[in-house]
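A.B. asks: output the structure for:
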Amino acid sequence: METTWTVAQPHGSLPDWDVKITDATGHVILDQKDINPGLDVFGVVQLLGSGYVLTPGSGDFTVLISALSAQTFVSTPGATGNFTIGAGAAETSTYYIGGTSSISGLANLITGSTINVVGGQVTLTGTGGSALVGALNGSTVNIEYGGTLNTGAALASVLEGSTVSFGTGGGTIIINGGGTAISLLSSGSLAATTFQNYDPAKDTIELQNTTQPVDHYSIENGGLFGTNSSEKIVRLYGANNQQIAEYAVSPATGVALNNGTYNVNGSNNPLDITYSNGNTYIGACFLAGSMISTPEGDVAVEDIKLGDEVIAFDWKSGRNIVRRVVWTGKTHVNVRHGVSDDMSGYPIRVLKDAIADGVPYKDMLITAEHGLFFDGKFVPARMLVNGRSIFYDKSITSYDYYHIETEQHSVITADGMLTESYLDTGNRHTFRQEGNVVAFTPSRNLSWDDAAAPLGVNREFVEPLFRQAEARAQAAGLTQKEPAVELTDEVNLHLVTETGAVIRQARQHNGRVMFMIPADVKNVRIVSNASRPCDVVGPFIDDRRHFGVAVGEITMVEAKRTYSVTAHLIEKELEGWNTLETEDTRWTSGDALLPLGERHPNSAALLAVQIKAAGPYLCTDVTDIRSTKRA
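C.D. replies: Have a look, this model is predicted:
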């Protein structure tokens, strides 16, 4: 499930933020105004501080002693800065992590603090080994919307005495075993750590640096004498019956973890446990199981090895041929939040019979850019998403996916559907080669000119395919997985100066919008709502640029002279503008830089901007005016 982060600085460039976080259902995760660090006194104390917000491009922040009882610290999507808890920090704090950040100085964390991982990735850093036993004692960790918490160099014992809960959308917790047995049950004065609301179909527990692969495991009731059936104790064992890890979970509503002893390779396993490079993964296995057509029958993609043969379709001659596999690879994906679905990494689920009867013959999970073969062309799966029979499966936020490469790029069959083999365009280094046989094959840096079929992304070709699948889904009574897109014609056009001050329009006349520009302002940004054609019209349009407003002539009236501002029609690489396609008009991307040229000193000016076209926009793309400060 997506989250929406609205961040405003009501006082221009001052470090003071209003933050609101909501999810797709409208549920409000955070709505707090006036988050600011207060006054830093000699790097020791923060007077009147209420927190801090890390945004893309901002640096790290150190949490000091504050005069307030609690603070809120936010890492927004795209942020990479880190939080350091300074010695002497004397108040509980609440963290909201949507970016990729770390929290260091955990030894100074105050009991009762809360870490909310809201689709982001947070790593606990600063001290390794056993020095942080129980550092999170009394604290709460919430992992949701596909977020990931990594204990980093700190051992698993850092979690002892804390409450860890999985929430909406699931997530991943990565725990460092340090090459020793892991126990998250009660120890001395520290209470056990129970993973609350655990659903292995969407929540992943990754144990790093474990002692050996898991051979079997047991599940039993928790509580005194095993009387608490709402809590389950999971113990993992190696082939020599040596215990590898033990922990407690409280299953989510509707999740059954039946008591018993299970072999990881057996059937009817409630948990899917895998082992790779010293790390143990506990959760559900995704994207494996795609069945590839071979001369010996259909074989799971993860079982295909170097040298195997697969059946390829020679569409020009209309016959099947056999091709040898020259490379197989696997890579891991963690979904990115705060970006569009097609850019996030969510896999696309193509339901059984979505294209035709038996095509595919079972649900198919593929990545957004994977090419499906129709009428002599490959169509990216993202262009066929109809929200009914073909949709982004947002229950999957972390997964492995596989590629197989044949001697020549081929049309192969997966799950009964024609699709493409791997085309090495230079990204092979991002995959790990599978199997015991290593092929020292350099990247071939191929292009679509070397493909088995051309790429078909024209609307005229793709939209009929989209409509056919959509009509088939409607006839089958399949419902929309998400609410229908709502559009608005609201433009929300305004200017923003170098200092962050907003300039609202003075008036409109004959297609031109007038703004009063203060003296000494040399650049402004033309800011408006902006959406992508693929979202507004449909995914069958292969245009993923953001379009704000189409700007024509711009004139400036200043000190009794009138002159044209033409940077947007001359400078090809001007920030925030789409490609210059005509000589007299250019679209912004929603936040476009406009140099005003030489200004007359101490003179205000009138700027007239010709708007030739605008909208419609997705309602979810409506932009708040970023400052109430008037220029």
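A.B. asks: quick check: the gap between the residue nearest to T194 when sequence neighbours are not counted and S113.
C.D. replies: In this structure, T194 finds its nearest non-sequential neighbour in A248, 4.3 Å apart by C-beta to C-beta, 6 or more residues apart in numbering. Just so you know, the C-beta spots here come from the backbone N, C-alpha and C atoms, and that holds for glycine as well. According to C-beta to C-beta, to the nearest Å, A248 and S113 sit 22 Å apart.
A.B. asks: neighbour count for the two, which is higher?
C.D. replies: S113 (24 against 20; other C-beta atoms under 10 Å).
A.B. asks: how close does that one get to D393?
C.D. replies: S113 is 34 Å from D393, by C-beta to C-beta.
A.B. asks: and I97, by the same measure?
C.D. replies: According to C-beta to C-beta, I97 stands 24 Å off from D393.
A.B. asks: does the residue nearest to T194 touch R235 like I think?
C.D. replies: No - between A248 and R235 there is no contact under C-beta atoms under 8 Å: 10.3 Å.
A.B. asks: which one of I97 and D393 has more residues nearby?
C.D. replies: For I97 versus D393, the count of surrounding residues by other C-beta under 10 Å is larger for I97: 30 against 17.
A.B. asks: ok, the more buried one - contacts?
C.D. replies: If a contact means C-beta atoms under 8 Å, 6 or more residues apart in numbering, then I97 has S75, I115, N116, V117, V118, G120, Q121, V122, G147 as its contacts.
A.B. asks: in terms of pLDDT, where does the fifth one sit?
C.D. replies: So that's V118. Model confidence at V118, given as pLDDT, is 92.
A.B. asks: what about it, how many residues close to it?
C.D. replies: 31.
A.B. asks: partner residues bridging it?
C.D. replies: Judged by DSSP bridges, the bridge partners of V118 are E144.
A.B. asks: report the separation between I348 and T168.
C.D. replies: 21 Å.
A.B. asks: and those two? which has more neighbours close in?
C.D. replies: I348 (23 against 19).
A.B. asks: longest strand anywhere in the chain?
C.D. replies: strand 319-334 (DSSP state E).
A.B. asks: distance from it to the middle of the chain?
C.D. replies: 26 Å (C-alpha atoms, centre = their mean, to the nearest Å).
A.B. asks: cool, stretch 241-261 as well?
C.D. replies: Using C-alpha atoms, centre = their mean, the offset of stretch 241-261 from its chain centre is 29 Å.
A.B. asks: buried ones in that stretch?
C.D. replies: I244, A245, E246, Y247, A248, V249, S250, P251, A252, V255, L257 (16 or more other C-beta atoms under 10 Å).
A.B. asks: which one of those residues is nearest M516?
C.D. replies: Distance to M516 across the buried residues of stretch 241-261 (C-beta to C-beta) is lowest for A252, with 56.4 Å.
A.B. asks: OK, contacts around the nearest residue to that closest one once chain neighbours are set aside?
C.D. replies: What sits nearest to A252 in space, not counting adjacent residues and going by C-beta to C-beta, 6+ apart, is D199, at 4.2 Å. The contact partners of D199, taken as C-beta under 8 Å, 6+ apart, are F166, G170, P251, A252, V255.
A.B. asks: now with 7 Å, please.
C.D. replies: F166, G170, A252, V255 (C-beta atoms under 7 Å, 6 or more residues apart in numbering).
A.B. asks: which of these fall within strands?
C.D. replies: Using DSSP E, the contacts of D199 in strands are F166.
A.B. asks: still on that earlier bit, widest-spaced pair of the buried residues of stretch 241-261?
C.D. replies: I244 and A252, at 24.3 Å, using C-beta to C-beta across those.
A.B. asks: about what we covered before: most widely separated two among the contacts of D199?
C.D. replies: G170 and V255 (11.5 Å).
A.B. asks: which helices and strands sit right next to the helix or strand V74 falls within?
C.D. replies: Here V74 sits within strand 70-75, counting by DSSP states H and E. Counting contacts by 3 or more C-beta pairs under 7 Å, 6 or more residues apart in numbering; DSSP states H and E, strand 70-75 is packed against strand 28-35, strand 51-54, strand 92-97.
A.B. asks: deepest of those strands, which one?
C.D. replies: strand 51-54 (a mean of 24; mean count of other C-beta atoms under 10 Å).
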